[in-house]
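Undergrad: Attaching a predicted model along with its sequence, questions to come.
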Amino acid sequence: MHREKRSLGFYVLATFFGLFVLFLYGPLSAIIVLSLQGPDGGLTFPMNGASLHWFANLFEQQAVGDFAASFQRSLILGLMVMLVTVVVSLLAGLAFRRRFYGAAVLFYTTVGSLVVPSIIVSLGIGVVFQELGLPPAWYSSAFGAHLTWTLPFGVLIMFAVFNRFPAAYEEAARDLGASPWQTFRHVLLPIIAPSLIGVGLFGFTLSYDEFARTLMAAGTFNTLPLEIYGMTTNVTTPVLYALGTATTVFSLTIILAALGTMILLRRRQTR
Amino acid sequence: MVAIATEATMQKSRGRKTVRGLTATLQAAPLALVLGFFFLLPIVMIAVVSFWDYDFSTLYPDFITTNYSDTLGSWVTWKTYLHTLKFTAMVWAATLFIGFWVAYFLAFHVKSAAMQMVLFLVCTVPFLTSNIIRMIAWIPVLGRNGLVNTALIHMGVISQPLEWLLYSEFAVVLAMVHLYTLFMVTPIFNTLMRIDRSLIEAARDGGASPWQVITNVIIPLAKPGMAIGTIFVVTLVMADFSTVQVMSGGQSASVALMMKNQMSLLQYPAAAANAVVLLVLVLLMVAAILRVVDIRKEL
C-alpha cells in the first residue's frame, strides 16, 4: 500500500485544529500564570512579582466567600451524585434492553431533562420545596437538581454501551449454566466496567462544576461554583485566579485518574 | 399429549416473560422516581404557580393570567427574547462551523486510532472543568490591559486599547462558543466515524473532487450529528444567564437572566410565567430539529 501524500487540506485543517486547541486552553493558562503573582498582583498582565501568596490566601479568612467549607460540600455532593448516577444509570440501561411499560415515556422524559433550561428546573425544585414546607439544602434539593443533569448523560452513555454490547457472551454464559446474577456479576459487569467509570466521571465532574441548577436549590450554604460565581462581581485580586487554578487542577487530577483506570481495565481485558 | 406439552411450555415462557418485564420495570423505577420528583413535578409546579398571585413575601394560590399578560405585554420582554434568539443564532453558526471542521479533521485526517483518541480527549477535557472559571479566564486575555490589546498595541495595529473586547456582546458570544463548541464536536465526530469509508472511495472513483466528496457525501451523512449538536447548543444558549451576566458586565440581557432577576426579587409567579413561555419556545425548537433526526437511532 502506498503512503498517501498529505494534502494542502490536511495542513489547513491541522492549523485550524491547533488554533482551536489554543482557543480552548489559552485563556485557562493565562489565569494559571497570573495566579502565581506576588502580593501586589492585579487581574491582568504584566505579572507583578512571583509567589504562592494567593494560594496561601485561599486558606485564610475571606471577606467574601468561605472556600474550605464550600469545597467540602461540593466534594461530598459530587461523590453522592456520582454514586447514584452510576447505579441508577446502570439499572436503567439494563431495563431499556427489554420492553417494559412506559419505556418510551421514560426515555423522552430523560432526554427532556437534558433539554429543559437549567434555570427552569432550578426554579421548579425551589418552588416545590417551598410549597412542601421543606428547607432547601445542598444535600437534598440541590442533590436532586444535579441528578436531573447527570442522569440523562449516564443513561444515554449506557444506551450507547448496550447498543454495542455483543449478546453472544451472555448467551454463552447462560448455556454454560450461569444464573442471571452470575452472568451479570462475572460477564456483563467486567465488560462494561470502563464505561461505568466514565459515567462516574461525568457524574462527579458535572455535579462538582454545576451551578445553574443549584442556584435556587442550594439553600443557606453555597456549593463551590456558587461561591465562585458570587466572587466574580466583587473580588478584584488574583485570589480569584488562585481559586480557579486550584479547582481546575483538582478536576484535571480526577479526570486523569479516571482515564488511567479505564485504560488499565481495558488493557486487563485484552490480555 | 403434544398439545398439552406445548401449552405447558407456552405458559412457562409467558410466565418468564412477565418476570422479565417485572425486573425491567423495577430496574427502571429509580430513574423514573428521581426524574418524577425532581424534574416532572417541578415543571408541573411551575405551570401551576404561573397562574398564582403574589406579594413581596408570599404566594397565593389563585387563577389569574396577569403574570402572562404582564410579561407578554411588555416591550422589554419581546426585546429580550429577540436578543436571546440573536445570541443563539450567532453561537449556533459559529459552533456548527468550528465543530464540523474539528470533527472532520479528527475523523478523516488523523489516521491512527490512538492519536484520534488522544486529540479527542484534548478537546473533551475542558468540558469537564468549571464553566465559570473558563469565563473568568477571558478577563486577562480580553481586558483593557489584556493580552490581545497589549499585543495589538505593540504591533502598532491600534493606538488605543479596544473597549469592545470585554464586557460586550462580542465577549458573550466568544465565551459561549468557547464553552459550547464541544457539544457540536462530539456528536458530529460520532456520526462521521460511522460513515462507511467505501462510500467515499466510490465517490472518488466516480470522479468526485475532494470538495465534492465533502458536500455531497459527508455533510449529508453528518446531518444527524449536526442536529444533536444543534439541540445541545440551542437549548444551552437559550437558557444561559451566567455567561451573559459575567461577560457583558451586566450590560446585556437574556430571557433566563430576566427570570433570575425576578427570582431574586421573590417574584416567583412572574418568573414561572416566563419559564413556561421559554419552555414552550425551546421545546418547539427541539421538536423542529427532531424532524430531521431520530435520536434513538443515533446512540
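TA: Thanks, I have the structure now. Numbers count the residues shown, from 1 in each chain, chains lettered A, B, ... in the order given.
Undergrad: contacting residues around residue B:104?
TA: Residue B:104 sits next to A:13, B:188, B:192, B:214, B:218 when contact means C-beta atoms under 8 Å, 6 or more residues apart in numbering or on different chains. C-betas here are computed from N, CA, C, even on glycine.
Undergrad: Now do it, the pLDDT please.
TA: Looking at residue B:104, its pLDDT is 93.
Undergrad: quick one: which helix or strand includes it?
TA: Using DSSP states H and E, the element containing residue B:104 is helix B:75-104.
Undergrad: so after that helix, what's the next helix or strand?
TA: helix B:113-124.
Undergrad: List the neighbours of that next one that are in contact with it.
TA: With C-beta under 8 Å, 6+ apart, helix B:113-124 has contacts from A:17, A:20-21, A:24, A:259, B:102, B:106-107, B:110, B:182, B:185-186, B:189.
Undergrad: got it, and stretch A:35-54?
TA: Residues outside stretch A:35-54 that contact it (C-beta under 8 Å, 6+ apart) are A:30, A:33-34, A:55, A:236-242, A:244-245, B:139-140, B:143-147, B:150.
Undergrad: Inside helices: which ones of these?
TA: A:30, A:33-34, A:55, A:239-242, A:244-245, B:139-140, B:147, B:150 (DSSP state H).
Undergrad: ok, the closest residue to residue A:141 other than its chain neighbours to residue B:269 distance?
TA: In space, and not counting its chain neighbours, residue A:141 is closest to residue A:217: 4.0 Å by C-beta to C-beta, 6 or more residues apart in numbering or on different chains. Here the criterion is C-beta to C-beta, to the nearest Å. By it, residue A:217 lies 18 Å from residue B:269.
Undergrad: and what of residue A:149?
TA: 25 Å.
Undergrad: Helices of the stretch 51-200 of chain A, start to end?
TA: A:53-58, A:67-95, A:103-115, A:118-132, A:141-163, A:167-175, A:180-183, A:189-209 (DSSP state H, counting those that start in this stretch).
Undergrad: okay, which residue is most central for chain B?
TA: residue B:232 (2.2 Å; C-alpha atoms, centre = their mean).
Undergrad: Please give me every residue in contact with the residue of the stretch 51-200 of chain A found nearest chain B.
TA: For the stretch 51-200 of chain A and chain B, the shortest gap (C-beta to the nearest C-beta) falls at residue A:124, measuring 2.5 Å. Residue A:124 makes contacts with B:41-43, B:45-46, B:275, as judged by C-beta under 8 Å, 6+ apart.
Undergrad: does residue B:273 really touch residue B:64, like I thought?
TA: No: Residue B:273 is beyond contact range of residue B:64, at 10.3 Å (criterion: C-beta atoms under 8 Å).
Undergrad: higher neighbour count, the two?
TA: Neighbour totals were compared for residue B:273 and residue B:64, and residue B:273 leads with 28 against 14 (other C-beta atoms under 10 Å in any protein chain shown).
Undergrad: Nearest residue to the more buried one in space, please, no chain neighbours.
TA: Closest to residue B:273 by C-beta to C-beta, 6+ apart is residue B:67, at 3.7 Å.
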